[in-house]
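[1] the following block contains a protein sequence and its predicted model.
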Amino acid sequence: MDLVVALVLGLSCLLLLSVWRQSSGRGKLPPGPTPLPIIGNILQIDVKDISKSLTKFSKVYGPVFTLYLGLKPSVVLHGYDAVKEALVDLGEEFAGRGSFPLSEKVNKDFGILFSNGKRWKELRRFSLMTLRNFGMGKRSIEDRVQEEARCLVEELRKTNGGW
């Protein structure tokens, strides 16, 4: 009996701790349905008709709300006006990407695919500048390549397949 009481108290403390951690970490996130520990809001979403579930949540919480898919929060933008405001009007604030902890550890925050924020902007600017220096986007380099290809074809025709 004492073991059962201790087990129930331990599980309830873990459950309360989990709920407290999730609610304290939601300070900067938009409102949304209360997630269950570990599984989040997965049980509240109709898997067969996800758009209907998201529409239902948007009627309750507004066009911008938070859903927990497992332990990770996901901010949902529902409707044209919300998406336009976030991606066009406030594009700089929403320009970031999600983090990939494994790639960050392996690449030490370097690389093009998984970089983010200021480093991504610097890499993008450097890559575009380097490619432009090599002739990307310029007609002149394409014309030169075609001219060289024509000359090569002419020289090959002169040889008639012989050495």
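    Sure thing, it's come through.
[2] could you tell me how many residues sit around P73?
    Per other C-beta atoms under 10 Å, the neighbour tally for P73 reads 19. To be clear about C-beta, it is placed using only N, CA and C from the backbone, and glycine gets the same treatment.
[3] can you confirm it is in a helix?
    No - looking at P73 with DSSP: H, G, I helix; E, B strand; the rest coil, it is strand, so not inside a helix.
[4] beta-bridge partners for it, please?
    Beta-bridge pairing for P73 (DSSP bridges): Y68.
[5] that one contacts P33, doesn't it?
    No - if you go by C-beta atoms under 8 Å, P73 and P33 don't touch, sitting 11.6 Å apart.
[6] what do the two both touch?
    Both P73 and P33 are contacted by L67, under the criterion C-beta atoms under 8 Å, 6 or more residues apart in numbering.
[7] now do W20, the pLDDT please.
    Listed pLDDT for W20 reads 61.
[8] F100 now?
    Reported pLDDT at F100 in the predicted model: 70.
[9] nearest spatial neighbour of it, skipping sequence neighbours?
    What sits nearest to F100 in space, not counting adjacent residues and going by C-beta to C-beta, 6 or more residues apart in numbering, is F114, at 5.0 Å.
[10] wait, doesn't the one you found sit right on V106?
    No - F114 is not in contact with V106 according to C-beta under 8 Å; the separation is 9.1 Å.
[11] between the two, which is the more surrounded one?
    F114 (17 against 11).
[12] what strand or helix carries the more buried one?
    Following DSSP states H and E, one finds F114 outside all helices and strands.
[13] OK, contacts around it?
    R97, F100, S103, E104, N107.
[14] give me the buried subset of the residues you listed.
    For those, a burial check counting by 16 or more other C-beta atoms under 10 Å picks out nothing.
[15] nearest to M1 among those residues?
    Ranked by distance to M1 (C-beta to C-beta), those are led by F100 at 48.4 Å.
[16] roughly how far does that closest one sit from N133?
    30 Å (C-beta to C-beta, to the nearest Å).
[17] mind saving the C-alpha coords of the helix or strand harbouring F126 as CSV?
    According to DSSP H and E, F126 maps onto helix 117-133. The C-alpha coordinates for helix 117-133 follow below in CSV (Å, rounded to 0.1, in the frame of the first residue of the first chain):
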residue,chain,number,x,y,z
GLY,A,117,20.2,34.2,-38.8
LYS,A,118,23.1,36.6,-39.4
ARG,A,119,25.5,33.8,-40.4
TRP,A,120,23.0,32.6,-43.1
LYS,A,121,22.8,36.2,-44.5
GLU,A,122,26.6,36.5,-44.6
LEU,A,123,27.0,33.2,-46.4
ARG,A,124,24.2,34.0,-48.9
ARG,A,125,25.7,37.4,-49.7
PHE,A,126,29.2,35.8,-50.1
SER,A,127,27.9,33.0,-52.3
LEU,A,128,26.0,35.3,-54.6
MET,A,129,28.9,37.7,-54.9
THR,A,130,31.3,34.9,-55.7
LEU,A,131,28.9,33.4,-58.3
ARG,A,132,28.4,36.8,-59.9
ASN,A,133,32.2,37.2,-60.1
